[in-house]
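Undergrad: sequence plus the predicted model coming up.
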Amino acid sequence: MPDKPSKWIASLREEIRQECGERWMVRGIGKGLVQKVQLTVRFEDGNRASIILGPKAKNNPDFVPWVGTSAGWILKISTDISQIMKSQGKGLAEAYELVKQKNKSGLNASLDWEQLAREFKSHKIRNGKKGSRVWNRNYRTPIARTLLILNGETSVSSGYSVLKTLVEHHGGEPGSASRRLRVQYAAEFLRFAFKNGANRSWLPPEDLSTFIGEKANMNQLS
């Protein structure tokens, strides 16, 4: 029997079917560990159309791999394509070109981090229990500090450099719960930004342990 897909893959495929239709499907294709993302639509007459989402060259810095951190982006761009196909009667490839043009002339032309932060806040308050309270207690300060880094004079050009600067300025004790949460909340915001149009370079690493660090061994301190 074939292996069952990972939970994130099964969840992503179900969300795409709900948002776009039963005949929509995504998968990873290509050789090696890093795969491209293929979107396929099966039409009522039995014909199919497929496209690669994101740059096709793996050495392109904006290449989107078939991994869990890409799931939000894949869902959003698939939904955008579906909406154009339904509203304008376009084919799959043509609709994708229109989505790329819109994204290129929008956020990626002049990334508005303040607006993205407002959208992130609305998203967290709208979709979480006790949304406003949780935002004010957990998210407000880490996101405010992240915005200062993104809009500051010191040049940052990637999700990695944002988190590195965050822990250098506001990290706290390595391995502490407060440091771990600051990093996690900032990374969550950067993933939201990627999902909503930011270049993939802003996506944080999947493994955040480098930024969180480890607690000092008490035996070493004695």
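TA: All right, it came through fine. Nothing here was measured: the structure is a model prediction, and the numbers come from that model.
Undergrad: residue ranges in this structure under the pLDDT threshold?
TA: Low-confidence regions of the chain, defined by pLDDT under 70, span residues 1-3, 105-110, 153, 216-222.
Undergrad: which residue is nearest the middle of it?
TA: Nearest to the geometric centre of the chain sits residue 191, at 3.5 Å (C-alpha atoms, centre = their mean).
Undergrad: wait, that one sits on residue 69?
TA: Yes. Counting by C-beta atoms under 8 Å, residue 69 is a contact partner of residue 191 at 6.5 Å. Yep, even glycine has a C-beta here, placed from its N, CA and C like the rest.
Undergrad: what's the burial count for residue 165?
TA: Using other C-beta atoms under 10 Å, residue 165 has 19 other residues around it.
Undergrad: contacting residues for it?
TA: 149, 154, 156 (C-beta atoms under 8 Å, 6 or more residues apart in numbering).
Undergrad: ok, for the first one, nearest residue in space, not its chain neighbours?
TA: This points to residue 149. Spatial nearest neighbour of residue 149, chain neighbours left out: residue 165 (5.0 Å); criterion: C-beta to C-beta, 6 or more residues apart in numbering.
Undergrad: now do residue 179
TA: Distances taken as C-beta to C-beta, 6+ apart place residue 172 nearest to residue 179, at 4.4 Å, with adjacent residues excluded.
Undergrad: do residue 103 as well
TA: Computed as C-beta to C-beta, 6+ apart, the closest residue to residue 103 that is not its neighbour in sequence is residue 197, at 5.4 Å.
Undergrad: gap between the one you found and residue 89?
TA: Distance of residue 197 to residue 89, computed by C-beta to C-beta, to the nearest Å: 25 Å.
Undergrad: who has more neighbours, the two?
TA: In this view residue 197 and residue 89 are compared by other C-beta under 10 Å, and residue 197 has more residues nearby, 20 against 9.
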